[in-house]
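Asks: Have a look at this prediction, sequence included:
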Amino acid sequence: MTAWQIATIGLGANLGDPVDQIERALEAIDSLPLCQVLAVSGLYANPPIGPQDQPDYVNAVAEIGTTLTPEALLRALKGIERAAGRSYIRHWGERVLDLDILAFGDREITTPELTIPHPEIAKRHFVLAPWLEIRPEARLPDGSRLADCLEEVSDHPLRFLRLPRWQRQGVGPPIEPGVEALSQRADMPDSSGPPDSRSPS
Ligand code: ADP
Ligand code: MG
């Protein structure tokens, strides 16, 4: 467990029923111990950036509040990908579900498992546009404004599909509820509780 942070998650899918898989992934993320979805962008249709002989993607961006460490969050997200039936097909190839940690507070992490902020953010219209929709003033830890990156990528076609089905359940305003709102959740220990007592294995 770590101090409460806002993490930004990129969601993508292009096999099966991509919209449904993204909706279910949002519910699964919100159900993780020590995680709460705070805001979700619209869902966007987006041509593939890797191999072109694959279906279009559906992409969205969500902000969560969490007291998980970045490494524990990555493990939990990989668990959700596996549960959705993801298997490796090819680099940048088709997938049932892809969950990337785009940012984790203002942390900068480079390990073999984790690069945060995600290195492709500034190049990806399907990341920048939905992220700016929920956080117009978003910046990377180096201070660069995501809004300034958007012009460079806006020749990449992106089509708004619809708002997500996901709705936040009655714990205050949609962004940055703070520790108080998170601690209202049954699975969120209050700050006086024993550390790690409810962390996932
Ligand atoms: P991609 O998302 O680039 O298409 P994958 O989803 O197959 O690729 O992930 C490959 C590996 O990338 C994962 O096993 C994970 O350890 C690593 N990785 C590095 N940084 C991140 C990050 N910020 N978010 C998610 N995965 C990451
Ligand atoms: Mg990924």
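Replies: Looks like it arrived, so ask away. Ligands and ions are numbered 1, 2, ... in the order given.

Asks: Hmm, C35 is touching E63, no?
Replies: No. Using C-beta atoms under 8 Å as the test, C35 is too far from E63 to be in contact (11.1 Å). Yep, even glycine has a C-beta here, placed from its N, CA and C like the rest.

Asks: neighbour count winner among the two?
Replies: The neighbour count for C35 versus E63, taken as other C-beta atoms under 10 Å, is higher for C35 (26 against 23).

Asks: And the pLDDT at that one?
Replies: Looking at C35, its pLDDT is 96.

Asks: Run through the residues that contact it.
Replies: I29, I64, G65, T66, L68, L73, A76 (C-beta atoms under 8 Å, 6 or more residues apart in numbering).

Asks: Let me know the closest of the residues you listed to C149.
Replies: For the contacts of C35, the residue nearest C149 by C-beta to C-beta is I64; the value is 22.1 Å.

Asks: Name every strand pairing with the strand or helix carrying that closest one and say which way it goes.
Replies: Per DSSP states H and E: I64 is located in strand 57-66. For strand 57-66, the paired strands and their directions (DSSP bridges) read strand 5-13 (antiparallel), strand 35-40 (antiparallel), strand 43-46 (antiparallel).

Asks: Tell me the buried residues in the last one?
Replies: Neighbour counts using 16 or more other C-beta atoms under 10 Å place L43, Y44, A45, N46 of strand 43-46 among the buried residues.

Asks: Format those as a markdown table; extra columns: pLDDT and distance to ligand 2.
Replies: Formatted as a markdown table, those follow (pLDDT from 0 to 100; distance: C-beta to the ion, whole Å):
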| residue | pLDDT | distance to ligand 2 |
| --- | --- | --- |
| L43 | 97 | 18 |
| Y44 | 97 | 17 |
| A45 | 97 | 19 |
| N46 | 94 | 15 |
